[in-house]
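Novice: turn this into a model:
(chains A and B)
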Number of protein chains: 2
Amino acid sequence: MGIPQHVSIVEVGARDGLQNEKSIVTVDDKIAFINLLSETGLKRIEAGSFVSPKWVPQMADSGNVFTGINKANAIVYSALTPNVKGLDAAIEAGVTEVAVFGAASESFSKKNINCSIDESLQKFEPVIEKAHAHNMRVRGYVSCVMGCPYEGEIAPKAVSKVSKQLLDMGCYEISLGDTIGTGTPVATQRLLDSVLTVLSVDDVAVHFHDTYGQALVNIYAALQYGVASIDSAVAGLGGCPYAKGASGNVATEDVLYMLNGMGIETNIDMQKLLVATDFISKVINKSPASKVANALLTS
Amino acid sequence: MGIPQHVSIVEVGARDGLQNEKSIVTVDDKIAFINLLSETGLKRIEAGSFVSPKWVPQMADSGNVFTGINKANAIVYSALTPNVKGLDAAIEAGVTEVAVFGAASESFSKKNINCSIDESLQKFEPVIEKAHAHNMRVRGYVSCVMGCPYEGEIAPKAVSKVSKQLLDMGCYEISLGDTIGTGTPVATQRLLDSVLTVLSVDDVAVHFHDTYGQALVNIYAALQYGVASIDSAVAGLGGCPYAKGASGNVATEDVLYMLNGMGIETNIDMQKLLVATDFISKVINKSPASKVANALLTS
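Specialist: Sure, this is the predicted structure:
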């Protein structure tokens, strides 16, 4: 397993990021933000979520966001769809790729989506089936892969089990989420040692939150296993609801800086990325949680 | 080369950190800060610098700091001494370990200490000699090991050359400083591939600044080479004078979080470390540049 020569970044700032920011961002600002992201060279942009507005008010306008953005042909704009109702709304809005959101922790599954892991998978079955009938690819998220706010440590075997189930159900890629950011490199290695017994490395993405500053080093540990798909959010968007004052997703700029320094291709333009960072940071009136942005953006 | 089981952290917040902060910290606050650091389990604390107050006003009171702190027997409190005059002042203040500060970049050497690399080494000779005559150990710093604000990239060979010279002159350990924080893991590997041809891994420490968020991942790359001595500063103290708005040293808390998660021993107590972080952050009226501190300290 060598370090990959090319890495595909999935920009999750407009969904996982903004969903966890305090500020409510208008449809127009979301559209402007995503349009700026589309200029950067990013090929995969998670742009919204079709979930109950009762649970996630920040994403209530995802339909309008999807119909409002300038869609570039080479870019996949994806959305979270936890159920068929959400999928139908996504289809109506012209979404071409969706994602379902499972967990490796029973307690987190129950508290977050109000059902057991098995029940969640049953709910995803018709979503994946209908998405495929519409020629849409489905991505599978697994949360709490290195720790749970309710259960503490999570056994790598629990992660590989649900990851394999999601893959077998038809997900084309499994994004392993360190939801609370407690993972460190050795835990990342243990996780991948387990997951890669049942999944090919090409089926795996990593989605690490930077709550304790460990995301980039964990990504590097994953790169050393050959993982070549990385989720991140410009400006490190997204707070961590489980740790007061903590940061959210790993910042795309910081990931890109590392990959550039390592000679790994992404086709993403740092300067254009910083334009998107600057824009959304001003919209939510918050300094970027990105060291690169703070060093390079003149304030 | 395996990951070390034990790592020695050199806490540089009171010197390299505070030297680059805008706030001038009083002697009493420095003493209180260092006394808090002494409670954490840290065994090596860089506590000041005996340099011209004209150049570094923040460190003008290092003599009073050294005579004022509660010195624990098990802890080494060190100071920077660029010349014999500084060494004499350090000896008078009861300092038992000193450090000299060289560079791997000619331009940086000239702009920072106003002489060539060779001239700087000549100046250090009598310092090291006299320090040894007083049974003091001398540490050698090499700055700009992965980049220079004036020259850009620095050849690893230039680093290994000056590192070997400092070791041969009697320094017991060489601290490799990524002064501007532009290093990434591959550069770290190239650096160590070169330096470890002339130095034993036990003679090497890493001193990485987090300007672009790469310090922790570079430390991990160094750990994979067996490096077991790491410089860091609580709260990530110290701005980067070469990048506006950028952060300084890698935060000790974030390093400790990673090492703890990897099962590497340091004997440092995270909660006590956070007490020191909280104290100095309030003194300089600045949020810690440490993800761990921001997640765990209630504001």
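Novice: and the residue of the stretch 1-150 of chain A found nearest chain B, what element?
Specialist: Of all residues in the stretch 1-150 of chain A, A:I3 sits closest to chain B, at 8.3 Å by CB to the nearest CB. Heads up, the C-betas are built off the backbone N, CA and C, glycines and all. Using DSSP states H and E, A:I3 is not contained in any helix or strand.
Novice: quick check: phi and psi on it?
Specialist: phi -60, psi 130 (degrees, to the nearest 10).
Novice: list the residues that contact the closest residue to it other than its chain neighbours.
Specialist: Nearest non-adjacent residue to A:I3, counting by CB to CB, 6 or more residues apart in numbering or on different chains: A:L223, 5.2 Å away. A:L223 makes contacts with A:3-4, A:7, A:262, A:264, as judged by CB atoms under 8 Å, 6 or more residues apart in numbering or on different chains.
Novice: return the member of these nearest to B:T211.
Specialist: A:M262 (17.0 Å; CB to CB).
Novice: make sure that closest one is actually in contact with A:I3.
Specialist: Yes: using CB atoms under 8 Å, A:M262 is in contact with A:I3, at 7.0 Å.
Novice: closest to B:L121 among the contacts of A:L223?
Specialist: Scanning the contacts of A:L223 for proximity to B:L121, where the rule is CB to CB, the winner is A:M262, at 32.8 Å.
Novice: where does the stretch 51-200 of chain A have low pLDDT?
Specialist: The stretch 51-200 of chain A contains no residues with pLDDT under 70.
Novice: quick one, strands of it?
Specialist: A:76-80, A:97-103, A:137-143, A:173-178 (DSSP state E, counting those that start in this stretch).
Novice: now the lengthiest helix in chain A: how far from the chain's centre is it?
Specialist: Counting residues, the longest helix found in chain A (DSSP state H) is helix A:117-133. With CA atoms, centre = their mean, to the nearest Å as the basis, helix A:117-133 stands 19 Å off its chain's centre.
Novice: how about that helix: buried residues?
Specialist: A:117, A:120-121, A:123-124, A:127-128, A:130-131 (16 or more other CB atoms under 10 Å in any protein chain shown).
Novice: now stretch A:43-56
Specialist: A:43-51, A:56.
Novice: which one of these is nearest B:G147?
Specialist: Using CB to CB, these come closest to B:G147 at A:K43, 29.9 Å.
Novice: residues touching the closest residue to chain B within the stretch 101-250 of chain A, list them.
Specialist: Nearest to chain B in the stretch 101-250 of chain A, going by CB to the nearest CB, is A:T184, at a distance of 2.8 Å. Residues in contact with A:T184 (CB under 8 Å, 6+ apart) are A:214, A:217-218, B:257-258, B:260-262.
Novice: just the strands of the stretch 51-200 of chain A: most buried one?
Specialist: Highest mean neighbour count among those (mean count of other CB atoms under 10 Å in any protein chain shown): strand A:173-178, with a mean of 26.
Novice: that one pairs with which strands, and in what direction?
Specialist: Sheet partners assigned to strand A:173-178 using DSSP bridges are listed as strand A:137-143 (parallel), strand A:204-208 (parallel).
Novice: average pLDDT for the last one?
Specialist: So the one you mean is strand A:204-208. Strand A:204-208 shows a mean pLDDT of 98.
Novice: so how far is that strand from its chain's centroid?
Specialist: 8 Å.
Novice: using PDB, list the CA coordinates for that strand.
Specialist: Extracted as PDB, the C-alpha positions of strand A:204-208 are listed here (Å, rounded to 0.1, in the frame of the first residue of the first chain):
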ATOM      1  CA  VAL A 204     -13.000   3.900   1.300                       C
ATOM      2  CA  ALA A 205     -13.000   7.600   2.000                       C
ATOM      3  CA  VAL A 206     -12.000   9.300   5.300                       C
ATOM      4  CA  HIS A 207     -14.100  12.000   6.900                       C
ATOM      5  CA  PHE A 208     -12.200  13.400   9.900                       C
END
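Novice: quick revisit: adding distance to A:L273, write the strands of the stretch 51-200 of chain A out as TSV.
Specialist: Putting these into TSV (distance: least, CB to CB, whole Å) gives the following:
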stretch	distance to A:L273
strand A:76-80	17
strand A:97-103	21
strand A:137-143	22
strand A:173-178	20
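Novice: which SSE is A:C240 in?
Specialist: Using DSSP H and E, A:C240 falls outside every helix and strand.
Novice: in the stretch 51-200 of chain A, which spans are helices?
Specialist: A:62-68, A:84-92, A:106-113, A:117-133, A:156-168, A:185-195 (DSSP state H, counting those that start in this stretch).
Novice: kindly reformat the ones you listed as a markdown table containing distance to B:A235.
Specialist: As requested, the helices of the stretch 51-200 of chain A are exported to a markdown table (distance: least, CB to CB, whole Å):
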| stretch | distance to B:A235 |
| --- | --- |
| helix A:62-68 | 38 |
| helix A:84-92 | 43 |
| helix A:106-113 | 31 |
| helix A:117-133 | 40 |
| helix A:156-168 | 33 |
| helix A:185-195 | 23 |
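Novice: isn't A:Q19 up against A:G239?
Specialist: No: A:Q19 lies out of contact with A:G239 (CB under 8 Å); the separation is 10.0 Å.
Novice: hang on, the earlier thing: and the contacts of A:T184, which two are the farthest apart?
Specialist: Top of the distance list for the contacts of A:T184 (CB to CB): A:N218 and B:N260, 14.4 Å.
Novice: comparing these two, which shows the higher neighbour count?
Specialist: A:N218 (30 against 14; other CB atoms under 10 Å in any protein chain shown).
Novice: nearest to B:I91, of the helices of the stretch 51-200 of chain A?
Specialist: Between B:I91 and those, the tightest spacing by CB to CB is seen for helix A:185-195, at 42.0 Å.
Novice: what's the closest one packed up against?
Specialist: With contacts taken as 3 or more CB pairs under 8 Å, 6 or more residues apart in numbering or on different chains; DSSP states H and E, helix A:185-195 sits against helix A:156-168, strand A:173-178, strand A:204-208, helix A:215-223, helix B:252-261.
Novice: turn those into CSV, including distance to B:R139.
Specialist: Compiled in CSV, the helices and strands packed on helix A:185-195 are given as follows (distance: least, CB to CB, whole Å):
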stretch, distance to B:R139
helix A:156-168, 41
strand A:173-178, 36
strand A:204-208, 35
helix A:215-223, 26
helix B:252-261, 18
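Novice: pLDDT value on the residue found closest to A:A72 once you drop the neighbours it is linked to in the chain, please?
Specialist: Excluding its sequence neighbours, the residue lying closest to A:A72 (CB to CB, 6+ apart) is A:S38, at 5.0 Å. A:S38 is assigned a pLDDT of 98 by the prediction.
Novice: swap in A:K244?
Specialist: At A:K244, pLDDT is 79.
Novice: got the phi/psi numbers for it?
Specialist: Taking degrees, to the nearest 10 as the convention, A:K244 sits at phi -60, psi 130.
Novice: that one and A:T211 touch, don't they?
Specialist: No: applying CB under 8 Å as the test, A:K244 and A:T211 come out as separate, 10.6 Å apart.
Novice: skipping adjacent residues, who's closest to A:K111 in space?
Specialist: Counting by CB to CB, 6+ apart, the residue nearest A:K111 is A:Y150, at 6.5 Å.
Novice: you'd agree the one you found is up against A:S105?
Specialist: Yes: using CB under 8 Å, A:Y150 makes contact with A:S105 at a distance of 6.9 Å.
Novice: between those two, which one's more packed in?
Specialist: A:S105 (27 against 13).
Novice: isn't there a strand covering A:G48?
Specialist: Yes: checked against DSSP: H, G, I helix; E, B strand; the rest coil, A:G48 lies within a strand.
Novice: ok, the closest residue to A:S194 other than its chain neighbours - contacts?
Specialist: Residue nearest to A:S194 in three dimensions, not counting chain neighbours: A:P156, with 3.4 Å by CB to CB, 6+ apart. Residues near A:P156 by CB under 8 Å, 6+ apart: A:190-191, A:193-195.
Novice: if you rank the residues you listed by neighbours, which is first?
Specialist: Busiest of those [other CB under 10 Å] is A:L191, holding 28 neighbours.
Novice: hang on, that residue packs against A:S163?
Specialist: No: with contact defined as CB under 8 Å, A:L191 does not count as touching A:S163 (10.0 Å).
Novice: sounds good, over and out.
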